[in-house]
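# Give me the fold of what follows.
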Amino acid sequence: MRFGSLRELSLCLITTLGLPTASLLASEVTNNLDPTQFKSIEIYPKSVTLHGADDAAQLIVTGITQDGRSQDLTSAVEYKASDSKLIRINSSGRVIPVADGKTEISVRLGDKTAKLDVLAESLNATLPINFANQIVPIFTKQGCNSGGCHGKASGQNGFKLSLLGFEPDMDLASLIKEGRGRRVMPTSPDQSLLLLKGTGAVAHGGGKKLEPNSDEYKLIRRWIASGMPTGKPSDPVVTKISVFPEHRVMSRQNLQQFAVYAHYSNGQVEDITRRAQYDSNDQEIATVDAEGLVRTLALSGEATIMARYQGHVATFRATVPLGLKTPDVSFVKNTFVDEHTSKKWKELGLVPSDLCTDEQFARRAHLDITGTLPTPEQLKSFLSDKDSKKRDKLVDNLLETPEYSYYFANKWADILRVKRGKDGGSNRASGTYSFHNWIREAIASDKPYDQFVSDILSATGDEEKNPPVVWYKDLKQPEQFVDDTAQVFLGLRIACANCHHHPYEKWSQDDYWSFAAFFGNLGRKQIAIPGRDQNRTIDVLYTRGNGSVTNKRTGKAAPIKPLDGELVSVTSHQDPRRELVNWMIAPQNPFFARAVANRYWAHFFGRGIVDPIDDMRVTNPPSNPELLEALSNYLVTQKYSLKELVRAICKSRTYQLSSIPNEFNKNDKQAYARYYPKRLPAEVLHDAVCQVTNSPASFSGLPADKFAPNRAIMLPDESFTSYFLDVFGRPQRISACECERVSDANLAQALHLLNSDEIQQKLGRAGGRIAELASAKDTRKDEEKIEELFLWTLGRKPTERDMKTAIDHLNKPERLYKQVVEGLFMAKLGRKPTDAEMVIAQKRMNKSEQTKKNSYENILWALLNTKEFIFNW
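Numbers count the residues shown, from 1 in each chain. Take a look at the predicted model:
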């Protein structure tokens, strides 16, 4: 292989074989309204009681269209109070008390009206202030106690608040007892640094957070002037928050106001719309402002808005259909998967792509199920099969191949941290080999997933007799057991609750440490292994009778309790982990089956129904809840057979859709109305290059026997040196998160495929694919050889244009040189070459007399650098 002109010549081939890219649409948010389309309007709540000067209420006005749809009119209607001396109401529907009394608000849109009663009371009373319930939420709303400001571990500029306000007693002490008494001054509230810095009157690194006449300013000032009361122990506490409405179908580029309510332990309900914090899980579909106003943008799909207040969360879900007139499309449903995806497409106004071709399906299924390219012979056999069920048969056959078990063992080994490293000076090679082999055999035999997890979580003994013990080598502290168990097997990220209440979930520190208590009885010891190496030891895992885990918040032994479960009692002779397993694998467990169903779905579709796949929380709901529920239920009914789960997914018509978008689904990224192309994982891409070049992989450190792994997907751990694998994102297995595997493209990857010695050597290897094709022994026509290269790399035959480009390259006509030079100048310099530059370039290219082998190398090299090869599509 040569660099320079030959490589430049081949660049022309790459540009003819790449995948197209899509551009995002963007537009202004608009809200066009025709009053005649509504048959009635409704107000929520039906009546309002405002208690005290600090109270306020957010009205939600909904228009019911002639066809029964609901649309927000909160900012579009005209409001009028029958007695404006008692209340004020602004154009966004916010009601503020002015004086005690009863009045009525009328709402009008065109000829449609609605009314509600309002009672304002205790406006002149001095109502007590509760610090935790009323003041701390202001700090949270303004970001003062966030991790990037005063809520971080070291505080900010000498002032520290508890993270997100979860420890109000500490916050009160910081305000009152520190700062030399200048932070809050009850004798002169307006001179308090808390207010001066908050309003920007005194320099503040965090900028201006409060307006001097805002409700928040007035409340804090009144609290300071009242002597900074804490509140009474008997004061009610927030038990939950709720949102109204919880869900709306919204058109693109539209608005929806929602209201948030705090529910207290005494039954009181308070409007906290202006005090809660908000965040959208998909800001390309919908955004939200600080007042709870949702704006949908140009993309269709579903977005969830999180509302957070005092450690409680609630969500508003916006379903945004495309809103275009769609053609009638007949969609044949192969499995239950298709029932749920097609229902979602109908909701969103999407039209699925056409069915992929047999060539595309064969390549896709081979790569997704076995991590291995199909051979030309396998492709031809599949294409010639006339059986209408041949796709189903292919899925069944691939699940019985050794490659399937190796490929999925590699995936599980990533998140189970099957890594070499060093452990107290004892080499872990034998352990990783045995654990990896145990995983592979479990997958090959289709060991029920619940038993697979049970064997890992309840493992005892040594790694030679019980390989799952290796999982405990990298996990030593209770926190690690909790984090990995929750993330891998339950799809939950609860590590935040180690130190504080989870900011986006309901999990508290007590929940966290009670979960950790399941692992409190674990003990370890090392025993020497007889043999010539007297330094070799082996870990033995056992259960103790008196173990416990200390809750870092209370400093006391944590009781044993699963997440959202009941307290567990065990005797000194029982292993609490068995109770954990029983809770996890119970059919009614809301996390276990859903987590693995979502993980496998993400593998095949490139995106989880919940995404990220191991972050299942109320504030990150599934894009298709019914589909995820159906998949998890199916897994349970199939006795946790992962092969059956794969069959249900891959035999669905949804999986078999083309990746080529249509007018209706080109921006879809969560409804699976088309197949989403995904870059091949590092190991799969490495093996694919080796396959198509017929250049076997070589990894140092492997056993020198015929049973040694000869594929990257077969490697037992991360320790085998390979720049190729590293640059394409192989994880080092230092965490249980699949996000450790990098799938993003970068310059180093492009350069490695373009110019690395490794690729050059594989292309030019004696006895390799190209050497065989160029050999005089291969008497086939060039067209047949080119077709073979396309089948190997892209899983399809070349188009007429592909074939002509390749044949022209083999024959090297003068006109092709001109096309190549012009193409390179346009790509690199944005202009055509001058006559003098053209002469120089052609002379350089003509100096290199290519052999047929060189030409075939360039063709294969070009194919290896196409997106069509690098991606599964």
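# Just checking, which helix or strand of this protein averages the lowest pLDDT?
Within the chain, no helix or strand scores below helix 5-15, which has a mean of 40 by mean pLDDT, DSSP states H and E.
# what's downstream of that helix, the next helix or strand?
The C-terminal neighbour of helix 5-15 among helices and strands, as given by DSSP states H and E, is strand 38-44.
# Could I get the average pLDDT for the following helix or strand past that next one?
Per DSSP H and E, the first helix or strand lying C-terminal to strand 38-44 is strand 47-51. In this model, strand 47-51 carries a mean pLDDT of 96.
# any idea how far Asn755 lies from Ala697?
20 Å (Cβ to Cβ, to the nearest Å). In this view, the C-beta of every residue, glycine as well, is placed from N, C-alpha and C.
# the more surrounded of those two?
Under the criterion of other Cβ atoms under 10 Å, the comparison of Asn755 against Ala697 puts Ala697 first, with 22 against 12.
# which residues sit in contact with the closest residue to that one other than its chain neighbours?
What sits nearest to Ala697 in space, not counting adjacent residues and going by Cβ to Cβ, 6 or more residues apart in numbering, is Cys690, at 5.1 Å. By Cβ atoms under 8 Å, 6 or more residues apart in numbering, the residues touching Cys690 are 696-697, 711, 762.
# is it fair to say Cys690 lies in a strand?
No - per DSSP: H, G, I helix; E, B strand; the rest coil, Cys690 lies outside any strand segment and is helix.
# Please read off the pLDDT at it from the model.
Per-residue pLDDT puts Cys690 at 97.
# how close does it get to Ala750?
19 Å.
# Distance-wise, check the residue lying closest to Phe728 once chain neighbours are set aside relative to Asn410.
Nearest non-adjacent residue to Phe728, counting by Cβ to Cβ, 6+ apart: Ala682, 3.7 Å away. Counting by Cβ to Cβ, the separation of Ala682 from Asn410 is 10 Å.
# leaving aside the residues next to it on the chain, what's closest to Ala290?
Tyr278 (6.9 Å).
# In contact with that neighbour, which residues?
Counting by Cβ under 8 Å, 6+ apart, Tyr278 has contacts 288-290, 292, 305-308.
# Swap in 6 Å and give it another go.
By Cβ atoms under 6 Å, 6 or more residues apart in numbering, Tyr278 lies in contact with 288, 305, 307.
# By neighbour count, which of the residues you listed wins?
Within the contacts of Tyr278, Ala307 tops the neighbour count with 25 neighbours, counted by other Cβ under 10 Å.
# is it fair to say that residue lies in a strand?
Yes - the assignment for Ala307 by three-state DSSP puts it in a strand.
# where's it relative to Gln277, distance?
7 Å.
# Is it correct that Pro236 is in contact with Tyr264?
Yes - Pro236 lies in contact with Tyr264 (Cβ atoms under 6 Å); the separation is 3.8 Å.
# Ser84 versus the closest residue to Ala56 other than its chain neighbours, what's the distance?
Nearest non-adjacent residue to Ala56, counting by Cβ to Cβ, 6+ apart: Ile96, 5.1 Å away. According to Cβ to Cβ, Ile96 and Ser84 sit 11 Å apart.
# Looking at the two, which is more packed in?
Neighbour count, other Cβ under 10 Å: between Ile96 and Ser84, Ile96 has more, with 16 against 11.
# The more buried one reaches Asp54, doesn't it?
No - the criterion here is Cβ under 6 Å, and Ile96 misses it with Asp54 at 10.0 Å.
# how many neighbours does the residue lying closest to Tyr655 once chain neighbours are set aside have?
Excluding its sequence neighbours, the residue lying closest to Tyr655 (Cβ to Cβ, 6+ apart) is Ile649, at 5.8 Å. For Ile649, the count of nearby residues is 22 (other Cβ under 10 Å).
# Contacts only, for Lys561.
Contacts of Lys561 by Cβ under 6 Å, 6+ apart are 514, 567.
# In the stretch 101-250 of the chain, mark out all the helices, start to finish.
Along the stretch 101-250 of the chain, counting by DSSP state H, counting those that start in this stretch, helices occupy 136-142, 168-177, 193-198, 215-225.
# so which of those comes closest to Asp510?
Shortest distance between Asp510 and the helices of the stretch 101-250 of the chain, using Cβ to Cβ, is found for helix 168-177: 16.6 Å.
# For Arg524, what are phi and psi?
Arg524 adopts backbone torsions of phi -130, psi 150, taken as degrees, to the nearest 10.
# now it: how far from Gly461?
In terms of Cβ to Cβ, Arg524 sits 12 Å off from Gly461.
# what residues go with each domain of this protein?
For the chain, automatic domain parsing gives the domain ranges 5-19+755-872, 35-121, 131-225, 243-320, 396-650.
# With distance to Phe331 as added columns, please give these in JSON lines.
Written out in JSON lines, the entries for the domains of the chain read as follows (distance: least, Cβ to Cβ, whole Å):
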{"stretch": "domain 5-19+755-872", "distance to Phe331": "23"}
{"stretch": "domain 35-121", "distance to Phe331": "24"}
{"stretch": "domain 131-225", "distance to Phe331": "46"}
{"stretch": "domain 243-320", "distance to Phe331": "18"}
{"stretch": "domain 396-650", "distance to Phe331": "15"}
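# Of these, which is nearest Ser719?
When the domains of the chain are ranked by distance to Ser719, counting by Cβ to Cβ, first place goes to domain 396-650 at 3.7 Å.
# next one: the closest one to chain centre, how far?
Its chain's C-alpha centre and that of domain 396-650 lie 19 Å apart, by Cα atoms, centre = their mean, to the nearest Å.
# Just the terminal-to-terminal distance for that domain.
Start-to-end span of domain 396-650 (Cα to Cα, to the nearest Å) is 10 Å.
# From Ile272, how far out is Ile241?
For Ile241, the distance to Ile272 - Cβ to Cβ - is 7 Å.
# Common neighbours of the two, please.
260, 262, 309.
# who's in contact with the closest residue to the last one other than its chain neighbours?
If the residues on either side of it in the chain are set aside, Tyr309 comes closest to Ala276, at 4.4 Å by Cβ to Cβ, 6+ apart. Taking Cβ under 6 Å, 6+ apart as the criterion, Ala276 is in contact with 260, 307, 309.
# Leu490: neighbour count?
Count around Leu490 with other Cβ under 10 Å applied: 22.
# For it, which residues are in contact?
Contacts of Leu490 by Cβ under 6 Å, 6+ apart are 591, 595.
# still on that earlier bit, in which helix or strand does the residue nearest to Ala290 reside?
Using DSSP H and E, Tyr278 sits within strand 277-280.
# do Ala262 as well
strand 259-264.
# quick one, that strand and strand 38-44 angle?
Angle, strand 259-264 to strand 38-44, by axes from the mean of the first three to the mean of the last three Cα atoms, to 10 degrees: 30 degrees.
# Sheet partners, orientation included, of strand 259-264?
Strand 259-264 sits in its sheet next to strand 238-244 (antiparallel), strand 269-271 (antiparallel), going by DSSP bridges.
# And those: which comes nearest Ala771?
Nearest of the strands paired with strand 259-264 (Cβ to Cβ): strand 238-244, 66.9 Å.
# ok, and for the closest one, which residues are buried?
Within strand 238-244, the residues scored as buried using 16 or more other Cβ atoms under 10 Å are 238, 241, 243-244.
# For the stretch 501-650 of the chain, which segments count as helices?
509-516, 576-585, 592-605, 625-637, 642-650.
# Just send the ones you listed back as JSON lines, with mean pLDDT and distance to Gly227 too.
Below are the helices of the stretch 501-650 of the chain laid out as JSON lines (pLDDT from 0 to 100; distance: least, Cβ to Cβ, whole Å):
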{"stretch": "helix 509-516", "mean pLDDT": "94", "distance to Gly227": "31"}
{"stretch": "helix 576-585", "mean pLDDT": "95", "distance to Gly227": "49"}
{"stretch": "helix 592-605", "mean pLDDT": "98", "distance to Gly227": "51"}
{"stretch": "helix 625-637", "mean pLDDT": "98", "distance to Gly227": "50"}
{"stretch": "helix 642-650", "mean pLDDT": "99", "distance to Gly227": "62"}
